[in-house]
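Engineer: Sequence plus predicted model, see below.
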Amino acid sequence: MTNDPSPLHPSGDERSATRSRTNRLAIAGLSGLGVLDSLYMLAYHEGIIDSLICPFFGEGCNIVGRSRHAKHFGVPNALAGVVGYALMSVLALRHRRNNDRQSLEPLTLAALGLSAAVAGAYLTWEQKSKVHAWCFWCLLSTAISFSIAPLAIADARNALRP
């Protein structure tokens, strides 16, 4: 029996690289969904479409989508979502060489993923306590962010391992 890695017995580095690649592909896919979700909400916010389809919450999506809480610091939340998800997707899809462990990309991706999850939690709280309505698309975005964050954090931890 040898210690040589084979397709049947990959080395720890190979397993780690595969897990990292899988996480990044999942992040890219989820981020793509987030971009689409955010573009749909942005189209409503900007008046490009007249009404959002709102599963489960009646007019809640429209109420939330055009409330004064749909913008922070003068920027529509949906625009921040489009930019944030697009950036996460790009970072997740960039190929890193195995010797490129000191790259800031995994840390940046983890910071963005965690920031998006925190923002989603805050915006969900705002829907309940300030707007008094629920938006399906906003909740979906929060769920996407909550799914991305642990994947991105795991990828960053993997990149920092010696």
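Structural biologist: That came through, no problem.

Engineer: quick one: average pLDDT of stretch 50-62?
Structural biologist: Taken as a whole, stretch 50-62 has an average pLDDT of 95.

Engineer: Equivalent analysis for stretch 113-121, please.
Structural biologist: Across stretch 113-121, pLDDT averages out at 97.

Engineer: Touching it from outside, list them.
Structural biologist: 27, 80, 84-85, 88, 141-143, 145-146, 148-149, 151-153 (Cβ atoms under 8 Å, 6 or more residues apart in numbering). In short, each C-beta sits where N, CA and C put it, glycine included.

Engineer: what's the spacing between it and its chain's center?
Structural biologist: 8 Å (Cα atoms, centre = their mean, to the nearest Å).

Engineer: The chain should start at 32 in everything you say after this.
Structural biologist: All right, first residue 32 from here; so that's stretch 144-152.

Engineer: Any buried residues in it, and which?
Structural biologist: Residues of stretch 144-152 classed as buried: 144-145, 147-148, 150-151 (neighbour count, 16 or more other Cβ atoms under 10 Å).

Engineer: Could you do stretch 84-99 as well?
Structural biologist: Buried positions in stretch 84-99, judged by neighbour count with 16+ other Cβ under 10 Å: 85, 88, 91-96, 98.
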